[in-house]
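**Student:** Can you look at this prediction? I've put the sequence above it.
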Amino acid sequence: MRTSEDAVVVNMPGLGRSPEEHPAHARREGNALEATGLGKQYRRTWALRECSVAVPAGRVAALVGPNGAGKTTFLHMIVGLLQPTRGSVRVFGTTVGRDGAALSRIAFLAQEKPLYDGFTVAEMMRFGRVMNPNWDDDLARGRLDELRIPLDRRVARLSGGQQTQVALTLAIAKRPDLLVLDEPLADLDPLARHDVTSSLMAAVAETGMTVLLSSHVVPDLEGTCDWLVVLNGGRVQVSGDIDDLLSEHRLLTGPADSAEAVAAQLPVVARSSTGRQATMLVRGAGAVPDQRWTERPLSLEDLVLTYLRDPDAAALPRPNIVRAN
Ligand SMILES: Nc1ncnc2c1ncn2[C@@H]1O[C@H](COP(=O)(O)OP(=O)(O)OP(=O)(O)O)[C@@H](O)[C@H]1O
């Protein structure tokens, strides 16, 4: 058995509501998730501090951060596997932990996939059906059929990508309103990552669920996710609509000798310099007071990497931090 208790989730038997009670339109109203002042301390170490973020319903949100940033800790508090030391999490307006109501709307896929090596795919689906009152067998079978995953194949004999697809099918067929995925793309090759993200997008379009997924693979998130949360050193650096964030930020490059003067005129989020060239991430408008400086188009990866390189950079303008490489 390749599962841990943590990995099995979270649409608890008996607590679920029927899909009719969660019509697709209701899934897209308000915030799916609200964390307020969320913090978690393990003995003396704070893994997460003062995290306040909201993810609107119907979004596909990426939770990005380096190793040890607190992503798994954050996700485990959302799905009720960990109690916050400080603050609270609400899912569709209900506080997680008070009763099972919030959890009944969540499915969680942990890093370690909740699959049994010795089971066939069909047996895994039967297991899902028995464990979950909202189970949608047509959705599960249709999905596996489309993905051409043989029902009689044992889990141990599936490829890594197919195992992820089976685990994802188990989670989606629970008909959650919020699907939480911890590193679903880890260990997959580029083709499998593409297949998993596109089939996830198809499921989102069909069901209207909200998705929150953690990942290190930022380029794969572009075009898949429309909401971004960057965690770094246990704190939230950025959170917002990806299109808005990309249009609000500008990446400027120019001569290092004028960086100080240019930075004094603009809302600079982060700065770095390599030899004679300096780069700045700027949030908001404002004319660049030096024509030698040029603006580069900003990709999601640029945005994320610039924030991650500088743990003190926050989305709101703060005192400038100069980094020399
Ligand atoms: N059970 C625990 N006891 C003590 N410290 C822990 C525990 N779980 C996590 N931590 C610490 O909390 C911090 C955040 O860990 P977490 O696993 O949440 O980060 P992460 O962003 O998911 O990392 P990764 O990308 O490597 O999975 C790390 O410093 C980690 O060592």
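**Tutor:** Structure's in. What do you need? Numbers count the residues shown, from 1 in each chain.

**Student:** When you work out contacts or count neighbours from here on, use the C-alpha atoms and nothing else.
**Tutor:** Will do.

**Student:** Can you show me the helices along this structure?
**Tutor:** 24-27, 71-78, 121-131, 137-146, 160-172, 190-207, 218-221, 242-248, 259-265, 300-309 (DSSP state H).

**Student:** Could I get the full set of strands for the stretch 1-150 of the chain?
**Tutor:** Remark: strands assigned in the stretch 1-150 of the chain by DSSP state E, counting those that start in this stretch are 31-42, 45-56, 60-64, 86-91, 94-95, 106-109.

**Student:** Dump those to JSON lines, plus distance to the ligand and mean neighbour count.
**Tutor:** Formatted as JSON lines, the strands of the stretch 1-150 of the chain follow (distance: least, C-alpha to the nearest ligand atom, whole Å; neighbours: other C-alpha atoms under 10 Å):
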{"stretch": "strand 31-42", "distance to the ligand": "5", "mean neighbour count": "19"}
{"stretch": "strand 45-56", "distance to the ligand": "4", "mean neighbour count": "19"}
{"stretch": "strand 60-64", "distance to the ligand": "8", "mean neighbour count": "26"}
{"stretch": "strand 86-91", "distance to the ligand": "15", "mean neighbour count": "20"}
{"stretch": "strand 94-95", "distance to the ligand": "21", "mean neighbour count": "18"}
{"stretch": "strand 106-109", "distance to the ligand": "14", "mean neighbour count": "27"}
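
**Student:** Lowest mean pLDDT across those strands, which one is that?
**Tutor:** The weakest mean pLDDT among the strands of the stretch 1-150 of the chain belongs to strand 94-95, with a mean of 90.

**Student:** Relative to that strand, what are the paired strands and their orientations?
**Tutor:** Within its sheet, strand 94-95 is paired with strand 86-91 (antiparallel), according to DSSP bridges.

**Student:** So what touches the strand it pairs with?
**Tutor:** Identification of contacts with strand 86-91 by C-alpha atoms under 8 Å, 6 or more residues apart in numbering yields 31-40, 50, 77-78, 95-96, 102.

**Student:** still on that earlier bit, wait, which of the helices of the chain is closest to the ligand?
**Tutor:** For the helices of the chain, proximity to the ligand was assessed by C-alpha to the nearest ligand atom; helix 71-78 is nearest, at 3.7 Å.

**Student:** so P219 touches L300, yeah?
**Tutor:** Yes. Contact criterion C-alpha atoms under 8 Å: P219 and L300 qualify, at 7.4 Å.

**Student:** one step back: possible to save the helices of the chain as a markdown table with distance to R44?
**Tutor:** Listed next are the helices of the chain as a markdown table, based on distance: least, C-alpha to C-alpha, whole Å:
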| stretch | distance to R44 |
| --- | --- |
| helix 24-27 | 39 |
| helix 71-78 | 15 |
| helix 121-131 | 38 |
| helix 137-146 | 44 |
| helix 160-172 | 35 |
| helix 190-207 | 37 |
| helix 218-221 | 31 |
| helix 242-248 | 35 |
| helix 259-265 | 38 |
| helix 300-309 | 24 |
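
**Student:** on that earlier part again, if you count what's nearby, which of P219 and L300 comes out ahead?
**Tutor:** Just comparing P219 and L300: by other C-alpha atoms under 10 Å the higher neighbour count belongs to L300, 18 against 12.
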